[in-house]
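In: my questions concern the predicted model and sequence given below.
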Amino acid sequence: MLEKRSSLICLVAVLIAGAVLWPSPAQAHGFTISPAEINIDNLTPGQEAEFELTIRNDDDVTHRFTFAAYHSEQKDRREGRAEFPDDDWISFSPQRPEIPPNSSSTVKVQVAIPPDSKWANKDWEIWLGVTPESSSLLAVKLYVRLLVSTGGSVYANPRTNLPIWAIVITLVILILSFYYFRRRKRQEKRSQS
Amino acid sequence: MKEVKISVIGILSAVIFVLMFYLPTSALDSSGTITITMTGSKEISISLEPTNWNLEADGDGTVSPNTEYTTGAQWCTLTVGGNCDVKTYIAGEDAVGTDEPAYKWILSTDGSNNVGVYASWFEVDDVEHGDQRCTLIPEATEESPGENLWPYSGGSNLSPSDIRHFGLKLLTPQPDFTDGGTGYFLNGGVGVQTTVTISAVAA
């Protein structure tokens, strides 16, 4: 009876040791992004729009995720949508978040269209790709569709976008006024003497 | 007194000139309302299992030149999570030496191998959905996420909780050199690494 009990204890100990030393096979490699599609309407060239993406790491280990913008082919875009002109107009913060297992995090996305009338009244689409950094053979990448429509006017921030030539003309007017004022002063002094 | 007036007029005209630019743009600022629509609470998710392929050809994960290896068409299980229908794509890339990044196997674009050129395919054998394919895996580019995994031609998009199976096939490059009638790779005994990316977007 004693022998049977000690064998059972040994068996349990071996099973526990096995579970610790030989971990279970790789779990499903998954994560979730929301929302899956974002529509920005009436974004005036020269202005910025900001929104948040939520990413949930459904895996059992911590992953670092990378965000980047991707141009999609015409056949894969929504009807009537043209290619987004420049992915430098989109920024992510943070761009490479590290997310613990079974946890969520948010990433701020900023879309800034340059203040140029040629970007007015456009309908664009670009994909925001998210992928975990991994050394596995198979990797998952999820795309969020970003649809951007611009308004008809152009917003130019005067403090940052005042044309150089306007500054030059303003300076010339001021210098001429000052010069004229000095000249009149001298003439006045001469006529007095 | 007259001179002071002239200089004041000059300064005023400069200020007005600057305001000519400032005022119309300020008016625009208050006119437009940006609308950001997050389409419902749509979530997108897919998962894969397994994610690694242990090549057992020689029992130790090594591969021989100019040889085909296959996982079998039921090897990997793709499960659609989230709550929206998805389109899925598959793309590959060049394989790079793990210890020597300069050593590369270029991904074939036509299914043929060569010295330093390998090919890979994905295989689908789904009797239930009438889907049997063995398609060359293309390289991902900035413009394309790759070949359609699902839907295939005539198929439908995948829906949440859908499960599909696929496998991989590999054709290794021709030998870098031959010695005594046997082909070898230059980096024999050292690994090469590559990634096959399965991507998804809301349908």
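Out: Everything's here; your move.
In: what's the weakest-modelled helix or strand in chain B?
Out: Sorted by mean pLDDT, DSSP states H and E, the helices and strands of chain B end with helix B:2-31, the least confident at a mean of 60.
In: can you spell out which helices and strands pack onto the longest helix along chain A?
Out: Taking DSSP state H as the criterion, chain A has its longest helix at helix A:164-192. When contacts are defined as 3 or more C-beta pairs under 8 Å, 6 or more residues apart in numbering or on different chains; DSSP states H and E, helix A:164-192 packs onto helix B:2-31. Bear in mind the C-beta positions are built from the backbone N, C-alpha and C, glycine included.
In: pretty sure A:Val144 contacts A:Glu125?
Out: No - applying C-beta atoms under 8 Å as the test, A:Val144 and A:Glu125 come out as separate, 11.0 Å apart.
In: when the two are compared, which one has more neighbours?
Out: A:Val144 (24 against 21; other C-beta atoms under 10 Å in any protein chain shown).
In: I'd like the average pLDDT over whatever helix or strand that one lives in.
Out: Using DSSP states H and E, A:Val144 falls within strand A:138-150. Mean per-residue pLDDT for strand A:138-150: 95.
In: starting from it, tell me which strands it pairs with and how they run.
Out: strand A:37-43 (parallel), strand A:123-132 (antiparallel), strand B:196-202 (parallel) (DSSP bridges).
In: how far does that strand sit from the chain's center?
Out: Distance, stretch centre to chain centre, for strand A:138-150: 11 Å (C-alpha atoms, centre = their mean, to the nearest Å).
In: and stretch A:130-146, by the same measure?
Out: The mean C-alpha position of stretch A:130-146 is separated from the chain mean by 16 Å, C-alpha atoms, centre = their mean.
In: what residues sit buried inside it?
Out: A:130-132, A:134, A:136-146 (16 or more other C-beta atoms under 10 Å in any protein chain shown).
In: now the strands paired with strand A:138-150 as TSV including distance to B:Gly154?
Out: Below are the strands paired with strand A:138-150 laid out as TSV (distance: least, C-beta to C-beta, whole Å):
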stretch	distance to B:Gly154
strand A:37-43	25
strand A:123-132	25
strand B:196-202	20
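In: B:Asn52: which of those strands is closest?
Out: strand B:196-202 (10.9 Å; C-beta to C-beta).
In: for the strand holding A:Val144, list the C-alpha coordinates in CSV.
Out: Extracted in CSV, the C-alpha atoms of strand A:138-150 (Å, rounded to 0.1, in the frame of the first residue of the first chain):
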residue,chain,number,x,y,z
LEU,A,138,3.5,32.8,-40.3
ALA,A,139,2.7,36.4,-39.4
VAL,A,140,-0.7,38.1,-39.1
LYS,A,141,-1.2,41.7,-40.4
LEU,A,142,-4.5,43.5,-40.0
TYR,A,143,-5.5,46.6,-42.0
VAL,A,144,-7.9,49.4,-40.9
ARG,A,145,-9.6,51.1,-43.8
LEU,A,146,-9.1,54.9,-43.6
LEU,A,147,-11.4,56.9,-45.8
VAL,A,148,-10.7,60.6,-46.1
SER,A,149,-12.8,63.2,-47.9
THR,A,150,-11.6,66.8,-48.1
